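**Student:** Task: produce atomic coordinates for the following.
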Amino acid sequence: MAKTKPLPFVPFDAETFMAAQQRNIDAFASAGQIVVDGVKTIAQRQGEMMQSSVDQLMSVSQDAFAMKPTDLQPADQFAKAKAQYEAAVNNAKELAEIAMKAQGEAVAVLSKCVMANIDDLKTMSKPV
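**Tutor:** Reported below is the predicted structural model:
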């Protein structure tokens, strides 16, 4: 019968395990707060953008009603439409950048936690 080699004894380090769990909780709480702050920033900017759009619409409407049909210049109208479109695209880009920044920061927090946990597991898995 072949002699089997006994498995090495790996002690369970409860203190390191509990520290890792606390680190996980802290990381998820921090990442969650980053996401919440990002959503708040997006909502605030959307509100500001909407208010600006409404103000511009009111101004353009008042100007249009004050104009005589002979004052209407199609080139001016196309230029205004183009400017509005470009502003909308820039606003969408800004909101996307805010979301990406928040997401990147949250992922960085969680990644740092995972790497620390892996380091702890390496240390804990060394046999005595």
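**Student:** What is the burial count for Glu86?
**Tutor:** The criterion is other CB atoms under 10 Å. On that basis, Glu86 has 10 neighbouring residues. Every C-beta, even on glycine, is put in place using the N, C-alpha and C of the backbone.
**Student:** ditto for Met115
**Tutor:** Residue crowding around Met115 was assessed by other CB under 10 Å; the count is 10.
**Student:** ok, now how distant is it from Lys122?
**Tutor:** When CB to CB, to the nearest Å is applied, the distance between Met115 and Lys122 equals 11 Å.
**Student:** Any figure for the gap between Glu86 and Lys80?
**Tutor:** Where Lys80 is concerned, Glu86 sits at a distance of 11 Å (CB to CB).
**Student:** pLDDT at Met1, what is it?
**Tutor:** The model reports Met1 with a pLDDT of 57.
**Student:** scratch that, Phe9
**Tutor:** For Phe9, the model assigns a pLDDT of 67.
**Student:** same deal with the one 4 residues further on?
**Tutor:** Looking at Asp13, its pLDDT stands at 81.
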